[in-house]
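**Student:** just coords:
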C-alpha cells in the first residue's frame, strides 16, 4: 500500500514542461483556489435539482451559456473530454454503418469513437505529404461524392481544427462550406484550439464543436465541452422515456465534479489569453527560427499557425549515435536544466510547445537546447 | 466574468454534511496532498506509453491490479463513474434489443445506460412494498423465464447492491446463483458499497462490478472502477482495428486525470475503512433508534445494513404547516447548527447518512435534530 501513500509527480511543477498536450492545461491560481472548495466527491451536486447542466451553484448553467457564446454556438454541455464529445455526436446523430468523413491527421480518438459507434470512416488525404502534411480540404467534396455514388450514407463530416501531430491549423470555413452544400452535419474537433486561440463556430459553419478542458482550457483532466447548433439540439439532448429530465447521451450527467469546477474557474483567464494568441505565435515562430539554425527542421505548415511544433532533429540523432546515454542524452540534459515534457529516448523527431511561457522562459529553453547540442556534438 | 472568479462552496467544508451521496466521497488528507501534484491538465500522462491503464508513474497499472484483488475480480479498468461502467458493459456485451433484467430499486442511470445502448429493460419487483421496499430476489428467475418464453434474449442481469433510495442491501449471492444457472452475465452495481463495506466479486458470482470513486471511495468526482472476470475480458477490452493498443469501449483512455489520482491516493484509507463497516452500521442503527423515538420512521429493510437512511418524517411535516419558514425550517435550523446535506424544503421524507463521522459528531447530529423538533413543535 505504501506506493499510494505519497503520490508525487516526478515531472515537478517547477520544471518547464514542453509537452504540447500539457501546456494548455496548466491551472491558473484562481482554479487552484476552487479546487480546495470542491475536491470532495459529489460536491458540485450540493444544490442539484436533477441535472448537472442546470446547476446554478456553482454557476454551471450560466457557464454553459457563456461558453456557448464564447464559441458563437447555440448550446453547450459539459463532457469528460473531446473524445467523449465526439462519441456523443456520432452516437446521437449517425445510424450504424454510416460513414464519418475525416482528415488524415485526425486524432486516434476520432477513429475509435466512430468504431465504438459502429460507423465507418473515410479519410481525406494530404495536399502535400512530407514535410507539411497539409490536408487537402477541397478533398472532402471528392471523398463524399465517391461514397454517395456508391450508395453510402455520410452521417458526419469531421475536421481536426489543429492536429496533435504537426500542429497544422485547418481553414475550417472551407469544410464548413462543403458540409452546408452537401447538407451533412459538421463537427470541428477543437481540442487543440478552443482555449488557446479564438474559435468562432458560426463563422466556420460548425454544427458541433468539441473542446478539451485539460488540453487547452487550463482545467484539470478529464473534462471538455460539446457545443452545438440549435438544429441538432433535440438529438443531442434527447431525454429518457422513463426519466424525462435525464439526457440519454449524457447518461444523466457527465463531468459531475472537480474538473468542471477548474474549467469554470479558469474561464476568465482563458477568455483573456486567447486574445493574446498572436504573441503566442511569435514565441512559437521564434523557437522555430532559432532551432532551425542548429539543424532542427520544422515539419507541418510554415510559418507556424499553432504552438505545437514538430521538428525533425537529425542533429540529435547524430549525437545519440555517439553519446553513451544513447537517445536519452537529450532528455537527460534537458532535465538537468529544469526542462521536461520531451519524450525520453526519442531523437529523430520531437514535439514541443512553449505556449503560455514568459518570453524569458522561451529564451531560456531555446538557449538550453542550443547549449545541449553544442556541448554534446 | 466575476461570478467565476471566486468559486466558493456554500456548503462549506466545516459543515457536517449528511448527504448520503457525499459522505463516502470525502477526501482524506493523503488524497488532498496528491491533488497539488496532479491538478494540471494531462499530468497523469507524463510517462504514458499509449494507454492509461498501463501507466506506471503514477502507479495506475499496479492500482488496477490491486483494486481487482481487493474486489476479488480478475481485471479492472478506470471509468468516469458507475454509470459509465454500466454503459461500457451493456454496449460491449449486449446486442441491440436485448433485455437487461434489473431490480425495481435500480438507479436511474441503469435505465438510461440501457436506453443509450438501445436495450430493453425488465424489472424485478418487490417482495414487500411499503415500508421495506425489499426486492424479491428470487423474482429474477421468473422475469427471465417469462422473457425467454416469449423468445426474448436477456443480455444482462443487473442488481443494485445497495440502492440510493432506501439503502437496502441485496444478497447478491442469490442473484449470482440464478445468473450462473441461466448462463447470463451478471453485473453488480456497487456504487454505494465498494469503498464503504467489503465486496467479494467471486463469492457472489459477479461477472462485472461497477464502483464509484466519488460516491464511496473517497475520491474527487468523476471517476470509478469497472472490474470484470477473465471470461469477459476480450469483449470489454477489445482494441481498435486501426489502433491496436487502444481499447474501443474506453475510447482509448477514460479517467485520465485528477480524479483517478485521488482514487489511488485514497486507496489505503479505503482498504482500512471497509474493515470498520460494523462500526458504521452501529452508528447508523443508533441514529435510527434515536430518531424513531421522536416520530421519524425508517423506511427500507430493518435493521439497517447500510448507512443510507430514509426516514418518513410526519413530525417535520406537521411543524412545516405552522412554521412561517414552511418546509425550509428544518434546513434552516440544521444550518444554524453547522449541519448540511438535507434537501431544503423537504419535510415528508428525508435521506441522510452519518457514514464516517466520529461518534461525537453522530451524537451531535442526533441531538441537534431532537432539539430542532422539540423547539419548533
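**Tutor:** Yep, that arrived. What you are looking at is a predicted structure, and each value in this text was computed from that prediction instead of being measured.

**Student:** residue A:132 sits in which helix or strand?
**Tutor:** Counting by DSSP states H and E, residue A:132 is held by no secondary-structure element, helix or strand.

**Student:** which helix in chain A has the most residues?
**Tutor:** The residue-count maximum for a helix in chain A (DSSP state H) belongs to helix A:359-376.

**Student:** what does the stretch 201-350 of chain A have sitting close to chain B?
**Tutor:** With Cβ under 8 Å from any Cβ of the partner chain as the criterion, the stretch 201-350 of chain A meets chain B at residues A:213-215, A:218-223, A:240-243, A:246, A:248-249, A:251-252, A:254-259, A:261-262, A:264-265, A:267-268, A:271, A:340-341. Heads up, the C-betas are built off the backbone N, CA and C, glycines and all.

**Student:** would you list the buried entries among these?
**Tutor:** Listed as buried from these are A:213-215, A:218-223, A:240, A:243, A:246, A:248-249, A:251-252, A:254-259, A:261-262, A:264-265, A:267-268, A:340-341; burial here means 16 or more other Cβ atoms under 10 Å in any protein chain shown.

**Student:** sitting in strands, which of the residues you listed do you find?
**Tutor:** Members of those lying in strands (criterion: DSSP state E): residue A:340.

**Student:** just the ones in helices from the buried ones among the residues of the stretch 201-350 of chain A next to chain B, please.
**Tutor:** Those of those lying in helices (DSSP H): A:213, A:214, A:215, A:258, A:259, A:261, A:262, A:264, A:265, A:267, A:268.

**Student:** quick check, pLDDT for the last one.
**Tutor:** Predicted confidence (pLDDT) at residue A:268: the value is 98.

**Student:** ok, now the fourth one?
**Tutor:** With respect to pLDDT, residue A:258 has a value of 97.

**Student:** for it, give its distance to residue A:21.
**Tutor:** Look at residue A:258 and residue A:21: by Cβ to Cβ, to the nearest Å, they are 20 Å apart.

**Student:** mind listing the strands for chain A?
**Tutor:** Using DSSP E, the strands of chain A run over residues A:16-17, A:75-79, A:99-103, A:120-124, A:126-128, A:134-135, A:154-160, A:186-189, A:208-212, A:224-228, A:297-299, A:309-312, A:339-340, A:349-352.

**Student:** can I get the ones you listed in TSV with mean pLDDT?
**Tutor:** Formatted as TSV, those follow (pLDDT from 0 to 100):
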stretch	mean pLDDT
strand A:16-17	96
strand A:75-79	98
strand A:99-103	98
strand A:120-124	98
strand A:126-128	97
strand A:134-135	98
strand A:154-160	98
strand A:186-189	98
strand A:208-212	98
strand A:224-228	98
strand A:297-299	98
strand A:309-312	98
strand A:339-340	96
strand A:349-352	98
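
**Student:** mind checking which of the ones you listed is nearest residue B:205?
**Tutor:** strand A:75-79 (35.1 Å; Cβ to Cβ).

**Student:** quick one: low-confidence parts of chain A?
**Tutor:** Nowhere does chain A drop to pLDDT under 70.

**Student:** could you list the domains of it?
**Tutor:** A:2-23+A:276-376, A:39-272 (automatic domain parsing).

**Student:** gap between the two ends of the longest one?
**Tutor:** Going back to what we said before, that points to domain A:39-272. Start-to-end span of domain A:39-272 (Cα to Cα, to the nearest Å) is 26 Å.

**Student:** check the shortest one too.
**Tutor:** Counting by Cα to Cα, the length from the leading to the trailing residue of domain A:2-23+A:276-376 is 39 Å.

**Student:** ok, now stretch A:16-25?
**Tutor:** 13 Å.
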